[in-house]
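Enquirer: pasting the structure only:
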């Protein structure tokens, strides 16, 4: 929700002057810290003390500009500067990335639930849910570890909108086979999913595999199997016969740095073969939640 503050000023230019002098006066508009704080104080009196994103102080002048949207345009032949200041909802929300965690059910065959969205945004009570994606989160403004995001999607009651998603978020241990639509994936090599901290990987191994960890001059070996999380100390490298994993610190995540082997999807003929699975523990671990922070 935004409160729009609009500055307007008309720049009148004579066509004859433009033709003869071939130049136009520069237009300079200034918004002083004192003016901005005065506007914010007026908003505070109207909206209350808890809906502004940052404390009102001239020291926070540039922080307010950083978390606001500034647009310039022409409306009715007037040059308009528009400053959109974020007004907060009185609730806390977290954004989570839902990553399928394939579970081995037979040779080279994994069972998993597909994520309904790239990300979900939910409140502390995990009762409301809003779909999201990477592109949307990049439009959010940041102040410290807090993100200010425009509302772009509707909010849904998780239990009423998606029973599978509701169980994944709020009651993962109660997740049962009939709550979600499982899918099947065939893979002969280990599936690797790199997480955003560039230090952890979610892997699903169809068979035990040896992973060598190189830290400076020291080499250790470990055997990986099943579906688990792997953490590698920053600065170290993990290698196997078909993957190289570089653990890094404070480097922005890039999908080009993650490794994923060629995967064959067998949705048409395979599901009925494992449809008689009754072990509910498989479904307890068929997903992984990652916070973007």
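Expert: Cool, the structure landed. Quantities reported herein were computed from a predicted structural model and do not represent experimental measurements.
Enquirer: name the residues of the biggest strand by length in the chain that are buried.
Expert: Secondary structure of the chain per DSSP state E: the longest strand is strand 200-215. By 16 or more other C-beta atoms under 10 Å, the buried positions in strand 200-215 come out as 200-206, 209, 211, 213. Backbone N, C-alpha and C define where each C-beta goes, glycine included.
Enquirer: what do you get for stretch 95-102?
Expert: So stretch 95-102, judged by 16+ other C-beta under 10 Å, has buried residues 95-98, 100-102.
Enquirer: out of the residues you listed, which sit inside strands?
Expert: 95-98, 100.
Enquirer: which parts of the stretch 51-200 of the chain are strands?
Expert: 69-75, 78-86, 93-100, 103-106, 109-113, 119-123, 128-132, 141-143, 146-148, 156-157, 182-186, 191-194, 200-215 (DSSP state E, counting those that start in this stretch).
Enquirer: could you list the low-pLDDT ranges of the protein?
Expert: 1-29, 90-91, 114-116, 158-163, 166, 169-178, 249-293 (pLDDT under 70).
Enquirer: going along the chain, name the helices of it.
Expert: 15-21, 33-47, 61-67, 134-138, 158-161, 163-170, 281-284 (DSSP state H).
Enquirer: which positions within stretch 33-48 qualify as buried?
Expert: Those buried within stretch 33-48 under the rule 16+ other C-beta under 10 Å are 36-37, 39-40, 43.
Enquirer: what angle sits between the longest strand of the chain and strand 182-186?
Expert: 30 degrees (axes from the mean of the first three to the mean of the last three C-alpha atoms, to 10 degrees).
Enquirer: surely residue 87 is in contact with residue 47?
Expert: Yes: Residue 87 is in contact with residue 47 according to C-beta atoms under 8 Å; the separation is 6.4 Å.
Enquirer: which non-adjacent residue is nearest residue 238?
Expert: residue 245 (4.0 Å; C-beta to C-beta, 6 or more residues apart in numbering).
Enquirer: perfect, I'm done here.
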